[in-house]
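Trainee: here is my input, please return the structure:
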Amino acid sequence: MATGTTLDDDVKVTVAVSPSPVNENSGTGMAYTFIRTGDPSLAATANFIYGGTTTDTGAKPHYTEAGVSTLASSVGAVIFAAGSPTATVTVTPIGDAIVEDDEAALLPITSGTGYGIGVPAAATGTITNDDTATLTLTGGIAYNEGNAGSTSYTFTATLNKAVQGGFTVAYTNNGTATAPSDYAGNGGTLTFTGSAGETQTITVPVNGDTAIDPDETFTVALGLSPPLRRADRRDLHGRFATDGHHPHQ
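Mentor: Below you'll find the predicted structure:
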C-alpha cells in the first residue's frame with residue numbers, strides 16, 4: 001500500500017516539460033517534472049489533469065503515460081517520494097502512419113489539500129507529426145485536337161496514405177497552348193477526404209479548330225506543401241497536334 005502525505009500550506013508545486021517537441025514515431029518520451037518547495041523529507045501527493053489536443057483513451061490513443069500514482073478519466077496524481085523534491089510523469093507518443101496535425105499534451109496542476117499552485121502551473125508538450133503523404137499524378141498523352149468541339153485530357157491524382165481531416169490541393173495549367181482559346185481553364189483545386197488510395201481527377205478540355213498552327217502543349221502541376229509531397233518532381237504534360245489542313249502550294 002502506498003502512503004502519501006499532503007503538503008503543508010506554504011508549499012508550492014510547479015511543473016515543466018522536457019524534451020518538447022518530440023516526433024510522433026520517435027519513441028521519445030516527454031518528462032513532465034513536478035517540483036515542490038519546502039521540506040522534502042516526507043512523501044506527498046499533488047494533483048493534475050490531462051488536457052490539450054491529444055488523448056490516451058478511445059479507439060486510437062495517442063500516447064502512454066508512466067509515473068502516475070492514480071488516474072481516473074483525465075484526472076491524475078503524482079507522489080513525491082520521501083526525500084525527493086520532484087516527481088515525474090512521462091508521456092510517450094504512440095506512433096502511427098497517419099498524416100495529422102501536431103498535437104499538444106497539456107498537464108496543469110490542480111488544487112489539493114495542503115499545497116498551493118506555483119508558477120509555472122502547467123506544462124505543454126508537443127507531439128510533432130512526422131508522417132508524410134504522397135500524391136502521384138498520372139496521365140499526359142498526345143491527341144489530335146480535332147477540327148471542332150473539344151477533346152478531354154484526364155489526369156489522375158492518387159493519395160498513398162490517410163490524411164486526417166482531408167485536404168485541398170491546387171493545380172495549375174500552363175504551357176505553349178493558351179487558355180481559353182486552346183483549352184479550358186487555367187487551374188483549380190482538388191478536394192480529398194483523406195482516405196488512403198483515394199483518387200481525384202483533373203479534366204482539361206482541348207478546343208478543336210481548323211487553324212494551321214504548331215503542335216502545342218499544356219502542363220498540369222500540383223501545388224503541394226508539407227506534409228504532402230509528390231511522388232516525383234515532374235509535372236505532367238498534355239500535347240495536342242494540329243490536324244488542320246495546310247493549303248496547297
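
Trainee: G114 and V13 touch, don't they?
Mentor: No. Taking contacts as CB atoms under 8 Å, G114 lies outside contact range of V13: 10.4 Å. Using the backbone N, CA and C atoms, a C-beta is placed for each residue, glycine as well.

Trainee: which one's more surrounded, the two?
Mentor: V13 (25 against 14; other CB atoms under 10 Å).

Trainee: could you find the closest non-adjacent residue to that one?
Mentor: Sequence neighbours aside, A46 is the residue nearest to V13 in space, at 4.6 Å (criterion: CB to CB, 6 or more residues apart in numbering).

Trainee: mind checking which helix or strand that neighbour is in?
Mentor: A46 is part of strand 44-49, with elements assigned from DSSP states H and E.

Trainee: tell me what that strand is packed against?
Mentor: strand 30-36, strand 75-80, strand 103-110 (3 or more CB pairs under 8 Å, 6 or more residues apart in numbering; DSSP states H and E).

Trainee: try 6 Å
Mentor: The contact analysis (3 or more CB pairs under 6 Å, 6 or more residues apart in numbering; DSSP states H and E) places strand 44-49 against strand 75-80, strand 103-110.

Trainee: and the longest one, which strands flank it?
Mentor: In the sheet, strand 103-110 lines up against strand 44-49 (antiparallel), strand 51-52 (antiparallel), strand 122-128 (antiparallel) (DSSP bridges).

Trainee: what mean pLDDT does the next helix or strand along the chain from that strand have?
Mentor: Counting by DSSP H and E, the next helix or strand C-terminal to strand 103-110 is strand 116-117. Taken as a whole, strand 116-117 carries a mean pLDDT of 94.

Trainee: domain ranges for the protein?
Mentor: By the assignment in automatic domain parsing, the chain contains the domains 12-128, 133-241.

Trainee: mean pLDDT for those: which is lowest?
Mentor: domain 133-241 (a mean of 79).

Trainee: and that domain, how far out from the chain's middle?
Mentor: Here domain 133-241 shows a centroid-to-chain-centroid distance of 25 Å under the convention CA atoms, centre = their mean, to the nearest Å.

Trainee: thinking again about what came up before, mean neighbour count and distance to A170 added to the helices and strands packed on strand 44-49, as JSON lines?
Mentor: What follows is these, written out as JSON lines (neighbours: other CB atoms under 10 Å; distance: least, CB to CB, whole Å):
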{"stretch": "strand 75-80", "mean neighbour count": "20", "distance to A170": "45"}
{"stretch": "strand 103-110", "mean neighbour count": "20", "distance to A170": "27"}
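
Trainee: and those strands as JSON lines, adding distance to L135?
Mentor: Putting those into JSON lines (distance: least, CB to CB, whole Å) gives the following:
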{"stretch": "strand 75-80", "distance to L135": "41"}
{"stretch": "strand 103-110", "distance to L135": "24"}
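
Trainee: mind checking which of these is nearest P19?
Mentor: Ranking the helices and strands packed on strand 44-49 by proximity to P19 (CB to CB) places strand 103-110 first, at 12.6 Å.

Trainee: who touches the closest one?
Mentor: Outside strand 103-110, the residues within contact range by CB atoms under 6 Å, 6 or more residues apart in numbering are 13, 15, 32, 47-49, 51-54, 91, 117, 121-127.

Trainee: that strand vs strand 30-36, what angle?
Mentor: Interaxial angle of strand 103-110 relative to strand 30-36 (axes from the mean of the first three to the mean of the last three CA atoms, to 10 degrees): 10 degrees.

Trainee: the inter-axis angle of strand 103-110 versus strand 75-80?
Mentor: Using the same axes, to 10 degrees: strand 103-110 against strand 75-80 is 70 degrees.
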